[in-house]
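Participant: This is the structure alone, sequence omitted:
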């Protein structure tokens, strides 16, 4: 039985989105899996950007319902955390009990990135929690992002691959994607 | 039949998390709904932060599976976008077809915030898409965050309330929460 994988990630925002998405699609096919990619279906004509956005959301949800599994790119996007659309999609698939895999192209974990966001100005409170100077708790558990994402993948038996892409290639490098794709294919087809 | 609502948001990170969570819990009860809040269950003892994180993830997923609906706080958190854990949770509930409601305490929409992130240095490409100086596309569709979040709430008939909290109270103000809670109660109990 062929298995399909929804390819979630911020690549859709890239200037060369089509090129990078096509590369991920081709690699997924080579791995023996059916790629399901956010750009797969034609978007309808709409009068406003608002309507277009709602239509894209509906299409992507339909694609996710059709897919057997997900590989989510949790590389930080415009800040210290993963793309929020990708996070929504990962939760969407985890809720259905579908096998979930994730990767990031940035070596520094969520806690390290948050501490860097505070320029190192953090401290440990009386209960042992790390906090920024604004009092906000810092999750420094070693996860690639918020614990719901990393836990959502790991708890049911999924895998998170941590890459270390060259500076400037964080959103385009496919090394970590290839690594997690290999694992996903073994699990889904084995 | 009583209806329960999962209260997703970055309040768990606040220095006064318990106080703000308790206020949301009390308001939800007053509205006639059963609050389901991330801090509801005792966390197990674990030897490492890593294991604790995985345990919290499992507990929160269990709470979400038990809840009838979600109200997600999409106020920007440590940057220009919503808390990634909250985004995961919103997707988790939307995938189950459960009624979803959301709010933000920041008036500026996702496109406006992203353009501010680029300090106004953005332009429109030949296809009509707005892009930052790094080439990344800017979603300026009027949504409060990535289209998957806003669309995930609106498409099945949910509501997104946009608040305008005083500066410094973006993560604690409950005005928008009260407004969306009122709508959610009418919908869920009506």
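Facilitator: That came through, no problem. Nothing here was measured: the structure is a model prediction, and the numbers come from that model.

Participant: can you give me the strands in chain A?
Facilitator: A:4-8, A:34-36, A:69-73, A:100-104, A:123-124, A:130-131, A:137-138, A:160-162 (DSSP state E).

Participant: Count the residues that sit near residue A:64.
Facilitator: 23 (other CB atoms under 10 Å in any protein chain shown). Glycine gets a C-beta too; all of them are placed from N, C-alpha and C.

Participant: that older thread, please name whichever of the strands of chain A is nearest to residue B:51.
Facilitator: strand A:160-162 (15.4 Å; CB to CB).

Participant: re the thing from before, mind putting the strands of chain A into TSV with distance to chain B and mean pLDDT?
Facilitator: Below are those laid out as TSV (distance: least, CB to the nearest CB, whole Å; pLDDT from 0 to 100):
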stretch	distance to chain B	mean pLDDT
strand A:4-8	9	98
strand A:34-36	15	97
strand A:69-73	10	98
strand A:100-104	11	98
strand A:123-124	12	96
strand A:130-131	7	97
strand A:137-138	4	97
strand A:160-162	12	98
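
Participant: so what's residue A:68 closest to, chain neighbours aside?
Facilitator: residue A:3 (4.6 Å; CB to CB, 6 or more residues apart in numbering or on different chains).

Participant: How many residues are close by the one you found?
Facilitator: With other CB under 10 Å as criterion, residue A:3 counts 16.

Participant: Same check on residue A:4?
Facilitator: By other CB under 10 Å, 17 other residues sit near residue A:4.

Participant: burial count for residue A:124?
Facilitator: 11.

Participant: That one pairs with what?
Facilitator: Beta-bridge partners for residue A:124, by DSSP bridges, are residue A:130.

Participant: Surely it and residue A:130 touch.
Facilitator: Yes: the criterion here is CB atoms under 8 Å, and residue A:124 meets it with residue A:130 at 5.6 Å.

Participant: how does chain A divide up, domain by domain?
Facilitator: Per automatic domain parsing, the domain ranges recorded for chain A read A:4-108+A:154-189, A:110-143.

Participant: Thought residue B:146 was touching residue A:57, still the case?
Facilitator: No: if you go by CB under 8 Å, residue A:57 and residue B:146 don't touch, sitting 9.2 Å apart.

Participant: Of those two, which one has the most company?
Facilitator: Per other CB under 10 Å, whichever of residue A:57 and residue B:146 has more neighbours is residue B:146, with 28 against 24.

Participant: Just give me the neighbour total for the residue nearest to that one when sequence neighbours are not counted.
Facilitator: Residue nearest to residue B:146 in three dimensions, not counting chain neighbours: residue A:85, with 3.6 Å by CB to CB, 6+ apart. For residue A:85, the count of nearby residues is 29 (other CB under 10 Å).

Participant: check contacts around residue A:85.
Facilitator: Listed by CB atoms under 8 Å, 6 or more residues apart in numbering or on different chains, the contact set of residue A:85 reads A:8, A:10, B:87, B:146-149.

Participant: and if you look at residue A:23?
Facilitator: By CB under 8 Å, 6+ apart, the neighbours of residue A:23 are residue A:174.

Participant: cool, residue A:123 as well?
Facilitator: Residue A:123 touches A:130-131, counting by CB under 8 Å, 6+ apart.

Participant: what's the answer for the one 10 residues further on, then?
Facilitator: Each residue near residue A:133 by CB under 8 Å, 6+ apart is listed here: A:118, A:121-122.

Participant: remind me which residues of chain A are low pLDDT?
Facilitator: Low-confidence segments of chain A (pLDDT under 70): A:40.

Participant: and with 50 instead?
Facilitator: Nowhere does chain A drop to pLDDT under 50.

Participant: picking that back up, closest one to chain B out of the contacts of residue A:133, please.
Facilitator: Distance to chain B, by CB to the nearest CB, is smallest for residue A:118 among these, at 9.0 Å.

Participant: my read: the closest one touches residue A:130, true?
Facilitator: No: between residue A:118 and residue A:130 there is no contact under CB under 8 Å: 9.7 Å.

Participant: Which other helices and strands does the longest helix belonging to chain A contact?
Facilitator: Secondary structure of chain A read by DSSP state H shows that its longest helix is helix A:49-66. Using 3 or more CB pairs under 8 Å, 6 or more residues apart in numbering or on different chains; DSSP states H and E, the elements in contact with helix A:49-66 are strand A:4-8, strand A:34-36, helix A:84-95, helix B:84-95, helix B:147-154.

Participant: Format those as TSV; extra columns: distance to residue B:72.
Facilitator: Converted to TSV, the helices and strands packed on helix A:49-66 look like this (distance: least, CB to CB, whole Å):
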stretch	distance to residue B:72
strand A:4-8	19
strand A:34-36	25
helix A:84-95	10
helix B:84-95	4
helix B:147-154	8
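
Participant: which one of the ones you listed lies closest to residue B:78?
Facilitator: Of all the helices and strands packed on helix A:49-66, helix B:84-95 comes closest under CB to CB, at 9.8 Å.

Participant: for that closest one, the distance to its chain's centre please.
Facilitator: Chain-centre distance of helix B:84-95: 8 Å, with CA atoms, centre = their mean, to the nearest Å.

Participant: okay, which residue of chain A is out on the far edge from center?
Facilitator: Distance from the centre of chain A peaks at residue A:126, with 33.9 Å (CA atoms, centre = their mean).
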